[in-house]
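**Q** Fold the following, please.
(chains A and B)
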Amino acid sequence: MSRKYHVATTVNGDEYEYLCEPQQTLLDILRDELMLTGTKEGCGTGDCGACTVMVDGTMICSCLMLAVEAGGKQIETIEGMAKGEELHPLQRSFLELNGSQCGICTPGILIAAKALIDRNPDPTETEVRYWLAGNLCRCTGYDKIIRSVLAAAKEMRGA
Amino acid sequence: MSTILDRSGFNPDKKLKIVGTSPIKHDGIDKVTGRAKFGADLFLPGMLVGKILRSPHPHAIIKSIDKSAAEALPGVKAVVTRADFPELPKGSVAGDMSRNAMAREKALYDGHPVAAVAATSESIAKQALKLIKVDYEVLPHVIDPVAAMQPDAPILHDHIRTKGVKDAADKPTNVVERLELKMGDVDVGFAQADVIVEHEYDTKPMHQGYIEPQGCVATCTEDGQVELWCCTQGPWVFRDRLTEILKIESSKIRVTQSELGGGFGGKTGFYPEPIAILLARKSKRPVKIALTRGEVFRATGPVSGTKSRIKMGVTRDGKFTAADAELVFQTGAFTGSMFFNAPQAMFTRYDLKNVKTVSYEVVSNRPKVNSFRAPCVPQVVFGVEGVVNELAQKIGMDPLELRIKNAATEGYKTIYGETFGPIGFVETLMAAKNCDHYKSPVPQGQGRGVAAGFWFNRGGETTGTLNIAADGSVSIIVGTSDVAGSRISISMMAAEELGLPVDKVRATMADTQSLGWNRITAGSRTTYSSGMVIIDSARKAITELCRRAALIWGVPEEGVTFEDGHCRPASTNVGDFPPLSIAEIAGKTTLTLGAIAGHSEMNVTGAGPGFGVHIVDVEVDQELGRVDIKRYTVVEDAGKAIHRLQVEGQYQGGAVQGIGWALNEEYIYGEDGRLQNPSFLDYRMPVASDVPMIDTEIVEVPNPRHPYGLRGVGEVPVTPTMAAIANAIGAVIGMRPRSLPMSPPKILKLIEEARAGR
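**A** Residues are numbered from 1 along each chain as shown, chains lettered A, B, ... in the order given. Got it, this is the predicted structure:
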């Protein structure tokens, strides 16, 4: 068995420690060790975006980051998106406008959409479409996803 | 005794409170918070990781498998090979399923499973796979179905003789079946035609493309009781097939369905599940297998690629006189493509009397195909709707007008024997003709295409239960899978029946030990069929509520009526009792006769056929050959949209899957017979920036066999897409593409041909 490395990191504000093999990805550890299964694996090669998380404020595919690289970082996953009983406006908007069908891509899309709105509170439809171009959805045809993101952004602007 | 299938109680004038609205689906909160548990999301104590070794050869005899070194690796708890699967005859349905799950005599495609391991970690499992020595004798292979039909083609199975051919030679072939389906006399029909158009078309296999790879967890006790957690479109069908191929009694396998991360037909058959069970049986520990995306592409269900020749005739005043087609369907390494749907559905929507079709199903060295929305139909509609458009051009008629003139209506007898009841094809075409998109001028430099599609819609064996709790809230148990929001739609129909707010109703998907048999979720049958048994269950529960109210009031049962969520005296003669709510009656069940529930099991019939029309505007980059979808409208008859947003989502999602199939998606095999693009990077499905908003128009021509008039809506939205886009491209460049995908190199070639005036 390959040697394991000890890593300390922060996920959704909570401190975690884990042991990982050198080839294991952050996605592997989030799901298999920390039991944060809201982050999904659709491809393992950075092509589908289902495993999107934030690391120190940067949006990444967690299947493309080694678990050992996550030491000392601030990681945000879908499990940290709602604050207590209060859903994030994006989560509410996806519920109300049916932006989620089967739901497998939804966590990654919500994380990515939040990253967009945090940078650009008033995105155009085109900007939303290009920002989310790294997140595959096979159910919705994207229409209701885009509408959900635009509606949440509008609500957050207080417009 | 009449049942809900004979008397649905459909009443077009009934004021509906819940059906037709769009409440938030109850399973939505788990999906936006990451709680929803999909196939790979279950963890059990002591669980092992299962991994599958796959053939790198498209066609090879497996001479021997040496697993000793893998078994000796510390951390490896079980290794399974073909020797662990019960013997089943070649060519039997079970024998084929078993051989697809694990290769036996031969590996038949790149990615065919040949062995599997369960180990304490993924890295150990991967290391163990490398230690398994498989001795292959590589054989010549064949990928293309037409090449596979040739007399000198490499033969996959020595038992196949072509079905449906009289005096077929008694020697092995790759042609599984020849199917002829006809009505009327095409020679007479074509003789009446003023214009005849005939072309050849080809389409490529595409993958269903669900974002969730197959994932499952199996356990097995020492006395052979199996539990299987998996993402499936049919827990009972999985159970029955596993029972057959693993020789386990049905009562000893419990299949529990996870949330389904997309299926679209691709999760109607199992892949890693029997292997996980055998690994669990050997190791006596839980085993999880989650496929990688590469495994999904190499070894799970694409749809059939096709070659077709399609011919139709029309009179100068626009009446179709005959249609003729010859179709070849590639089924992959094993039979089971459902190619028979194509000749039944391809022309069905037009008032044709003379039709002839000859269809072939052919095996070749590719993964066995699986279902996909309207299995085997969109591929051939691609050609039919191209021919229809060309006929319209040649006689100088608007393409929708020609379709309206030839649309089938109630009373039309189809080629498969059904006589249509009330259908909404004309209404759908009229709605398309009158919609804003079609009425607006085609923007400069763009081309517009239209096409129409049809799907039977299905019913089938279905079981469900509705329980009323003491506080008057309701829990529903269904056995179908929720592929597209069926839980909320079914809850809405139950709430409508019971006069309750939909928030008081919750639907759960049962495991196979908790409910009677349910046919697979496929063919747009679930909201229709499970909805039917749950409405029936609700009506039975209402009968029981009335009986209880009668007991409470001390009046005869017929003296009680149910209206608006309350039991009331049927007339003033019965007595002066204040209405009793469901909660008031259910709260007193210990005083009456115990719990109140309704249950129903039936083979649901009466599904209403569905029709759709797509309108698309495209722009074609004349230098790069790239096609951009600028505007898209789906018009489809839903019968009745139970949950409007869900129905729109079906229309939009189907259209965009069709856009991918039309423009990008295909399997690319090398000379070596290996798949060269088994990743989302190289197999490119549409992303958000590839497509515009998809406009929808829900037509509602009720199906009176259903209490609320609904028709299935899931299959139709992909049937006309590729044809509509091809017609639009043809309008821009002057040459209508006849080969999928309509990728830039092919479009550039067509532009050149058009310029050369060919």
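
**Q** Report how many residues lie close to the closest residue to chain B within chain A.
**A** For chain A and chain B, the shortest gap (C-beta to the nearest C-beta) falls at A:G38, measuring 2.0 Å. In this view, the C-beta of every residue, glycine as well, is placed from N, C-alpha and C. When neighbours are defined as other C-beta atoms under 10 Å in any protein chain shown, A:G38 has 26 of them.

**Q** B:D27 versus the closest residue to it other than its chain neighbours, what's the distance?
**A** With sequence-adjacent residues excluded and distances taken as C-beta to C-beta, 6 or more residues apart in numbering or on different chains, A:G38 is closest to B:G34, at 2.0 Å. The gap separating B:G34 from B:D27 is 13 Å, by C-beta to C-beta, to the nearest Å.

**Q** what residue ranges in chain A score low on pLDDT?
**A** Of all residues in chain A, those with pLDDT under 70 make up the ranges A:1-2.

**Q** mind giving me the domain ranges of it?
**A** Per automatic domain parsing, the domain ranges recorded for chain A read A:5-80, A:89-157.

**Q** Which residues does the strand or helix carrying B:A78 contact?
**A** B:A78 belongs to strand B:76-81 when elements are defined using DSSP states H and E. Counting contacts by C-beta atoms under 8 Å, 6 or more residues apart in numbering or on different chains, the residues outside strand B:76-81 that touch it are B:48, B:65, B:67, B:70-71, B:102, B:114-120, B:124-125, B:128, B:132, B:275, B:278-279, B:282-283, B:285, B:287.

**Q** For it, list the C-alpha coordinates in PDB.
**A** This file holds the C-alpha atoms of strand B:76-81, laid out as PDB (Å, rounded to 0.1, in the frame of the first residue of the first chain):
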ATOM      1  CA  VAL B  76      -7.900  -8.200  -2.100                       C
ATOM      2  CA  LYS B  77     -11.000 -10.000  -0.800                       C
ATOM      3  CA  ALA B  78     -12.600 -11.400  -3.900                       C
ATOM      4  CA  VAL B  79     -11.900 -11.900  -7.600                       C
ATOM      5  CA  VAL B  80     -14.700 -13.000 -10.000                       C
ATOM      6  CA  THR B  81     -14.500 -14.200 -13.500                       C
END
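
**Q** rewinding a little: out of the domains of chain A, nearest to B:F680?
**A** domain A:5-80 (3.6 Å; C-beta to C-beta).

**Q** The closest one: end-to-end distance?
**A** 26 Å (C-alpha to C-alpha, to the nearest Å).

**Q** pLDDT at B:V483, what is it?
**A** At B:V483, the predicted lDDT confidence score is 89.

**Q** how far does the strand holding B:A78 sit from the chain's center?
**A** If you compare the mean C-alpha spot of strand B:76-81 with that of the full chain, they lie 34 Å apart, counting by C-alpha atoms, centre = their mean, to the nearest Å.

**Q** now swap in stretch B:68-79 and tell me
**A** Here the centre of stretch B:68-79 is set off from its chain's centre by 39 Å, with C-alpha atoms, centre = their mean.

**Q** Give me the buried positions along it.
**A** Within stretch B:68-79, the residues that qualify as buried by neighbour count (16 or more other C-beta atoms under 10 Å in any protein chain shown) are B:70, B:73, B:75-79.

**Q** One more: stretch B:494-505?
**A** Within stretch B:494-505, the residues scored as buried using 16+ other C-beta under 10 Å are B:494-500, B:502, B:504-505.

**Q** and what of stretch B:153-171?
**A** In stretch B:153-171, residues buried by neighbour count (16+ other C-beta under 10 Å) are B:153-157, B:160, B:162.

**Q** Show me which of those is closest to chain A.
**A** Compare each of these with chain A using C-beta to the nearest C-beta and the shortest gap goes to B:L156, at 30.1 Å.

**Q** quick one: that closest one is in a strand?
**A** No - assessed by DSSP: H, G, I helix; E, B strand; the rest coil, B:L156 does not belong to a strand; its assignment is coil.

**Q** Touching, it and B:N174? I think so.
**A** Yes - under the criterion of C-beta atoms under 8 Å, B:L156 makes contact with B:N174 at 6.0 Å.

**Q** which neighbours do those two share?
**A** Between them, B:L156 and B:N174 share the neighbouring residues B:142, B:148, B:363-364, with contact defined by C-beta under 8 Å, 6+ apart.

**Q** Narrow these to those in strands?
**A** Taking DSSP state E as the definition of strands, the shared contacts of B:L156 and B:N174 contribute B:V363.

**Q** And the helices in the stretch 501-650 of chain B, which stretches?
**A** Listed in chain order, the helices found in the stretch 501-650 of chain B under DSSP state H, counting those that start in this stretch are B:526-553, B:582-586, B:644-663.

**Q** what about the first one, average pLDDT?
**A** In this case it means helix B:526-553. Averaging pLDDT along helix B:526-553 gives 96.

**Q** What are the buried residues along that helix?
**A** Within helix B:526-553, the residues that count as buried by 16+ other C-beta under 10 Å are B:526-542, B:544-553.

**Q** give the contact list for B:A94.
**A** When the contact criterion is C-beta under 8 Å, 6+ apart, the partners of B:A94 are B:88, B:241, B:244-245.

**Q** With neighbour count, pLDDT and secondary structure added, can I get those in TSV?
**A** Supplementary listing: the contacts of B:A94 in TSV, determined by neighbours: other C-beta atoms under 10 Å in any protein chain shown; pLDDT from 0 to 100; DSSP: H, G, I helix; E, B strand; the rest coil:
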residue	neighbour count	pLDDT	secondary structure
B:L88	18	97	coil
B:R241	20	97	helix
B:E244	18	97	helix
B:I245	24	97	helix
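
**Q** Next, give me the two most distant ones among these.
**A** Farthest-apart pair in these is B:L88 and B:R241; separation 11.4 Å (C-beta to C-beta).

**Q** Pairing partners for the lengthiest strand in chain B, with directions?
**A** Scanning chain B for the longest strand, with DSSP E as the assignment, gives strand B:320-332. Under the criterion DSSP bridges, strand B:320-332 sits next to strand B:306-314 (antiparallel), strand B:355-363 (parallel) in its sheet.

**Q** Can I get those strands in JSON lines including mean pLDDT, mean neighbour count and distance to B:V716?
**A** Rendered in JSON lines, the data for the strands paired with strand B:320-332 read as follows (pLDDT from 0 to 100; neighbours: other C-beta atoms under 10 Å in any protein chain shown; distance: least, C-beta to C-beta, whole Å):
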{"stretch": "strand B:306-314", "mean pLDDT": "98", "mean neighbour count": "24", "distance to B:V716": "19"}
{"stretch": "strand B:355-363", "mean pLDDT": "98", "mean neighbour count": "24", "distance to B:V716": "20"}
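
**Q** residue of the stretch 1-150 of chain B with the smallest distance to chain A?
**A** Per C-beta to the nearest C-beta, B:G34 is where the stretch 1-150 of chain B lies closest to chain A, at 2.0 Å.

**Q** give me every residue that touches that residue.
**A** When contacts are counted by C-beta under 8 Å, 6+ apart, B:G34 is found next to A:36-39, A:77-79, A:81, A:107.

**Q** Between which two of these is the distance greatest?
**A** Across those, the two lying at the largest distance from each other (C-beta to C-beta) are A:T37 and A:M81, at 14.6 Å.

**Q** More neighbours: which of those two?
**A** Summary of the neighbour comparison: A:T37 and A:M81, criterion other C-beta under 10 Å, with A:T37 having more neighbours (23 against 20).

**Q** can you give me the strands for the stretch 651-758 of chain B?
**A** Listed in chain order, the strands found in the stretch 651-758 of chain B under DSSP state E, counting those that start in this stretch are B:694-699.

**Q** swap in chain A?
**A** For chain A, the strands defined by DSSP E occupy A:5-11, A:14-20, A:52-55, A:58-61, A:74-76.

**Q** Beta-bridge partners for A:A8, please?
**A** Beta-bridge pairing of A:A8 under DSSP bridges involves A:E17.

**Q** tell me, how many neighbours does it end up with?
**A** The number of residues packed around A:A8, counting by other C-beta under 10 Å, is 12.
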